[in-house]
Structures are given as C-alpha cells and as structure tokens.
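# One predicted model, sequence on top.
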Amino acid sequence: MGKLTCLQTLQYFEVGIEQGRRLVELGRLENLRGELTIRGLQLVGNKEEAQTTYLQEKPNIYRMAYLWSHDEPEGCETNDKHVKIPLLGQLKFLRHLELVGFHKVECIGTTFYAIDGNNKGNIQVFPSLKELVLEDMPSLIEWKGVELIPTTNGGRDEVIGVRMFPGLEKLRITKCPLLKSTPNQFEILRELIIEGVDSGVPLLNLCSNLTSLVKLYLSDVKELTCLPDEILHNNVSLQFLSVSDCGEFREFPQSLYNLHSLKSLEISFCTNFSSFPVPSGENYWTSLQSLQLFVVMN
C-alpha cells in the first residue's frame with residue numbers, strides 16, 4: 001500500500017499484521033485527502049508504529065474515524081497498552097472526527113491539539129471541525145482543554161491565546177461512563193448529545209459558556225438530578241430537549257419556561273421525575289409543537 005505514493009483517496013484502511021497492511025503504510029501516502037477511516041488499531045505493534053502515520057502532515061483530510069475493535073479472533077494478539085489519541089488538532093480541513101473504542105485511554109491531553117509553541121499569533125485548533133464523536137471509551141476520565149500556552153518572543157516570556165473548536169457545531173459523547181472533566185471552549189455548538197456518562201459534571205462543564213445550543217439530548221446520565229439552571233437560561237434558542245433513562249432525574253429549573261423557541265420536549269423512562277415547576281406567567285412555550293412523556297412514574 002505504501003508504494004502508492006500518488007494515492008489521494010483512501011476511504012478505509014484496515015490495519016493487519018501482514019506486509020502492506022501495517023500502519024506505517026499510511027505514513028508514505030503523503031497526498032491523501034478527503035475521508036479516511038482507520039480500523040483495527042488494536043493490532044498496532046508499539047508506540048513507535050502508532051506515530052508513523054504522520055496524519056498531522058496530511059492537512060487535506062476532512063473526515064476521519066479511528067475505530068478500535070475488541071472482538072479479535074482467539075490467538076490474535078492486541079496491544080491496548082500502546083493506545084494513544086492521535087495528534088490531529090492542526091488538520092486545517094478536518095470537518096468530522098470520530099474516536100471509537102479506545103478502551104484504555106484515561107485522558108485526552110493537550111497533545112491531542114498538536115499545538116506549535118513557535119507560532120507568534122493566536123492559535124486555532126481543529127479550525128474547520130464541525131462534528132466530533134467520542135464513543136465507547138469506558139476508561140476516559142479527563143478531557144483537557146487549553147486556553148493559553150507559554151512561549152518566548154525575543155527572550156521575553158509570553159503567553160499565546162488558543163481558540164479551541166471555533167467552528168464545532170455538533171458534539172456526541174457516548175458510553176464514556178467515567179468522564180468527569182471536559183473543555184468548555186465551544187463557541188457555536190448547536191447540538192450536544194450525551195449518552196452513558198455517569199456524572200452530570202461534564203454537562204455542566206460543556207455548557208458553562210454556551211449560548212448557542214439548539215438541540216440537547218441526554219440519555220443514561222445516571223447522577224443527573226436536575227438540569228443546571230444556567231444551561232437553559234443562557235441558551236434561549238434551544239428548540240429540542242430530550243431527557244431519557246436518567247433514573248435520578250427529578251425536575252427542571254424554572255428557567256425551562258424561558259425557552260420561547262422550544263419546539264420539542266421529551267422525558268422518557270426517568271422513573272424519579274415528579275413534576276414541572278409552576279409557571280410564573282402565561283406566555284411560555286409559545287413555539288412548542290411536541291410534548292412527550294413516557295413511563296416517568298415509579
């Protein structure tokens with residue numbers, strides 16, 4: 001595969017142990033662009049091999065999925081201990097990124113953003129990214145952000161501002177039960193989906209500075225008891241709100257009635273949900289088209 005040095009389109013690459021299917025082959029394909037899905041990352045032999053793709057040097061890739069399988073046939077050796085999140089933050093055309101099945105990763109650190117400290121101006125990471133998916137990462141506890149980085153200019157110590165995900169519109173976090181910490185630098189995020197995350201803290205972190213949400217879907221957030229008031233108060237353009245399978249969820253804050261753009265509200269299988277707050281006026285939910293309540297009583 002690596003001999004096809006003029007190859008520009010490669011939608012799928014299945015990592016194997018035989019010649020021609022090692023991860024190093026991707027490193028030789030300098031002209032790759034468009035969409036790329038890499039499957040079978042569990043077969044990567046060591047950390048050095050994992051670094052041979054040089055994806056940060058392929059800026060014309062705009063959609064990427066990293067898939068880690070845990071269903072290898074008996075006798076096939078896997079290498080979980082070498083798993084690290086790739087350095088992708090400077091892929092300037094990347095619009096869609098999925099990280100799936102990284103079972104051993106506990107932290108997405110600042111190296112994920114591939115920031116060059118020699119840059120003299122403000123830095124953007126994932127400048128074109130529109131959609132990000134984190135899925136099936138049961139050991140993930142911390143997802144770090146970065147706002148400032150130290151640098152030296154003419155012998156003087158300085159700091160450079162970092163804009164993270166300036167164009168991200170959709171974020172989906174699924175089956176990351178231990179996740180506790182996330183970035184909060186999302187400027188125009190419109191759709192947020194959180195499923196299978198035990199703590200309610202990531203929701204609060206993600207939304208602490210948000211004012212742009214249009215769709216919010218929460219499912220199986222085990223410790224969530226109430227939606228934080230500031231989320232609804234700050235995101236008055238919210239149109240779709242769904243809370244499902246959250247066993248401890250009990251109530252909404254009064255700010256629920258500030259959502260004059262709300263078109264759809266769904267509460268399903270939240271067995272401890274008791275009631276809506278008493279509205280303080282008459283002109284609320286004037287845009288509501290769908291209200292669904294399913295099995296919400298004990």
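The structure has been received and is ready for your questions. Note that the structure is predicted; figures quoted are calculated from it, not measured.
# Torsion angles phi and psi at the closest residue to Pro253 other than its chain neighbours?
Spatial nearest neighbour of Pro253, excluding adjacent residues (CB to CB, 6 or more residues apart in numbering): Asp229 at 4.0 Å. Glycine gets a C-beta too; all of them are placed from N, C-alpha and C. Per-residue torsions, Asp229: phi -60, psi -40 (degrees, to the nearest 10).
# how many other residues sit next to Asp229?
14 (other CB atoms under 10 Å).
# got a list of what it touches?
Counting by CB atoms under 8 Å, 6 or more residues apart in numbering, Asp229 touches 253-255.
# how about the helices in this structure?
For the chain, applying DSSP state H gives helices covering 24-27, 47-50, 201-207, 229-234.
# And these, which one averages the lowest pLDDT?
Note on the helices of the chain: helix 47-50 shows the lowest mean pLDDT, a mean of 50.
# distance of the residue nearest to Pro253 from Ser219?
Per CB to CB, to the nearest Å, Asp229 is found 21 Å from Ser219.
# Over to Phe252?
16 Å.
# More neighbours: which of those two?
Using other CB under 10 Å, the more surrounded residue of Phe252 and Ser219 is Phe252, with 21 against 17.
# is it true that the more buried one touches Phe276?
Yes - counting by CB atoms under 8 Å, Phe252 touches Phe276, with 6.2 Å between them.
# Contacts only, for Leu178.
Here Leu178 is in contact with 138-141, 198 (CB under 8 Å, 6+ apart).
# Give me the buried subset of those residues.
139-141, 198 (16 or more other CB atoms under 10 Å).
# In strands, which of those residues appear?
Residues of the buried ones among the contacts of Leu178 located in strands (DSSP state E): none.
# for the residues you listed, which one is nearest Leu179?
Leu140 (5.3 Å; CB to CB).
# Tabulate the contacts of Leu178 in CSV, adding columns for pLDDT.
Below are the contacts of Leu178 laid out as CSV (pLDDT from 0 to 100):
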residue, pLDDT
Pro138, 95
Ser139, 95
Leu140, 95
Ile141, 97
Asp198, 97
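# Check those residues and tell me the two furthest apart.
The most widely separated members of the contacts of Leu178, counting by CB to CB, are Ser139 and Asp198 (12.9 Å).
# need the longest strand for this protein.
The chain, longest strand under DSSP E: strand 156-164.
# per-domain residue ranges of this structure.
Per automatic domain parsing, the domain ranges recorded for the chain read 1-189, 215-298.
# Turn those domains into CSV, including distance to Leu204.
As requested, those are exported to CSV (distance: least, CB to CB, whole Å):
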stretch, distance to Leu204
domain 1-189, 9
domain 215-298, 5
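# With respect to Cys207, which of those domains lies nearest?
Ranking those by proximity to Cys207 (CB to CB) places domain 215-298 first, at 4.5 Å.
# Tell me where the model's unsure across the stretch 101-250 of the chain.
Within the stretch 101-250 of the chain, the ranges that satisfy pLDDT under 70 run 116-121, 150-155.
# All set, thanks.
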